[in-house]
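1. Predicted model, plus sequence, below.
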Amino acid sequence: MSISSGVGHFVQSIIETFQGLLAAIVNFFQWVVNSIIGLFMAFIHSIEGVIGFAISNFFVLGTVAAAVFAYLLYAQRQGTTPVSRTIKGR
């Protein structure tokens, strides 16, 4: 009976070894897939942050651009810009 139980334990340990190797291989591939998904999600979140920042500052940037454009038109009508001086000089 001890020989049969020894052989049974030996076969059981071989099966457990293969199960452990299979579990390690499956866990490795799960880690790879999760890492790829994590990188993709991080990329999406960074793009979302950049777009959110641009949208939130759209009105501020538009106001600054409108102010610069208005100043350029004002300066051109007053003749204080180099372009308006050359046009008036002709």
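-> Ah, there it is. Keep in mind the model is a prediction, meaning the values are calculated, not measured.
2. what's the longest helix in the chain?
-> Using DSSP state H, we find that the single longest helix of the chain is helix 2-56.
3. What is the following helix or strand past that one packed up against?
-> The first helix or strand that comes after helix 2-56 along the chain, using DSSP states H and E, is helix 58-78. Identification of packing neighbours for helix 58-78 by 3 or more CB pairs under 8 Å, 6 or more residues apart in numbering; DSSP states H and E yields helix 82-89. C-beta: built from backbone N, CA, C; applies to glycine.
4. what's the angle from the longest helix of the chain to helix 58-78?
-> If you take axes from the mean of the first three to the mean of the last three CA atoms, to 10 degrees, helix 2-56 sits at 30 degrees to helix 58-78.
5. any idea how far N27 is from the spatially most central residue of the chain?
-> Geometric centre of the chain, nearest residue: F43, 1.7 Å, by CA atoms, centre = their mean. Relative to N27, F43 is positioned 25 Å away (CB to CB, to the nearest Å).
6. Can you read off the backbone torsions of G79?
-> With angles defined as degrees, to the nearest 10, G79 sits at phi 80, psi 30.
7. now the longest helix of the chain: mean pLDDT?
-> Throughout helix 2-56, pLDDT has a mean value of 94.
8. confidence score at T81?
-> So T81 comes in at 66 (pLDDT).
9. Could you do Q78 as well?
-> Q78 is given a pLDDT of 79.
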